[in-house]
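Visitor: sharing a model prediction with you, sequence too.
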Amino acid sequence: MSTIATLNLDHLVGQHVGTSVLLKKLGHGAMSAVFVAYQQTLKRQIAVKLLPKSLLTKRSAQFFQQEAESAAILAHPHIIPIYEVGETDAFLFFTMQLVQGHELTYYIRRVQRNIVPSKRFMPINTVIELMLKILNALAYAHDNDIIHRDIKPDNVMIENHAKRPLITDFGVARVSRTKGKSDRLLLGTPIYMAPEQVLSGTVDGRADQYSAGVMMLEMLMSRVPYPPYQTAMDLLKMKLALKDRLFQQRPSQVHPMANRALDDILFKALAFDRDRRYASCREFANALEHYKASLAPSSSSRGSHAIR
């Protein structure tokens, strides 16, 4: 059975897609490929995400269209903008901003590999600044009834020059005012997934808040302190069984500049019961803002270089 990874798409280079010409393949995900393209009308390079019709299923078409439509209605400086949506005889496509940069995962792993053990942690101020921008973007999406459902470091791009974080990949996003079959599917990435996603219950913005909290924990600790597990299913079962005892360590036990006040803010977002989390991502961001204001300048900036 063909997959996007097994298809040779080299013949697409040079083809016109909407107002653009495909220049080179950047990579591929589970079901779609991304190309660098030149948009002739505005004389700029952009990214084109395409789904070959030879791989089309009802579910893949739904998620692809969902991603384009969800992101297209969101205009925010920390969400990658969608420019154009369409199809050719061979594939579905949409065009978006081409980000010159790396995924947040790259920076977490780079810090983790520092040869000096004491510098294997992102500075507190860097983590909070990134989180404030990401949470602001999520709050905006939630205000527009869009729940991302797959927030993780792989889905946050950091621009090389401005170091601006941009949320990507709304492929499993849901419009919160509607319901469909996808609500009953297990969607997301197990490491970052909120417990209610595992239970296939009703998902709202607090699921994104939980995922963002796991991501912040990873930024602070260069890992997610789960108990040992063998498979993704083992991890999901642990999430439901251990509940608020899931995480084995807190940032203050590992990060040289973290304290229990920061632990408390973060672990409120990571509560097993979503009713004990912040009411919104905006409220989570406000708590981080107040914490940041309480820090002495030296304590917030000391640590390893991270986002450079």
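Guide: Received, thanks.
Visitor: got phi/psi on R113?
Guide: Per-residue torsions, R113: phi -90, psi 0 (degrees, to the nearest 10).
Visitor: how far out from the middle of the chain is the host helix or strand of A212?
Guide: A212 belongs to helix 205-221 when elements are defined using DSSP states H and E. For helix 205-221, the distance from its own C-alpha centre to the chain's C-alpha centre is 10 Å (Cα atoms, centre = their mean, to the nearest Å).
Visitor: now it: mean pLDDT?
Guide: Taken as a whole, helix 205-221 has a mean pLDDT of 97.
Visitor: next up, the contacts around the nearest residue to F267 once chain neighbours are set aside.
Guide: Distances taken as Cβ to Cβ, 6 or more residues apart in numbering put R250 closest to F267, at 7.1 Å, once the chain neighbours are dropped. For every residue, glycine as well, the C-beta is placed using N, CA and C. Residues counted as contacts of R250 (Cβ atoms under 8 Å, 6 or more residues apart in numbering) are A258, R260, D263, F267.
Visitor: what segments of the stretch 1-150 of the chain are strands?
Guide: 16-17, 20-28, 33-39, 44-52, 82-87, 91-97, 101-103, 146-147 (DSSP state E, counting those that start in this stretch).
Visitor: TSV for these, including mean neighbour count, mean pLDDT and distance to Y210?
Guide: Listed next are the strands of the stretch 1-150 of the chain as TSV, based on neighbours: other Cβ atoms under 10 Å; pLDDT from 0 to 100; distance: least, Cβ to Cβ, whole Å:
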stretch	mean neighbour count	mean pLDDT	distance to Y210
strand 16-17	16	92	37
strand 20-28	15	93	28
strand 33-39	20	96	28
strand 44-52	21	94	27
strand 82-87	17	90	26
strand 91-97	22	92	26
strand 101-103	17	96	20
strand 146-147	24	93	12
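Visitor: shaky segments in the protein?
Guide: Low-confidence segments of the chain, defined by pLDDT under 70: 1, 171, 174-187, 201, 296-306.
Visitor: quick one, domains of it?
Guide: Following automatic domain parsing, the chain resolves into domains at 10-97, 101-301.
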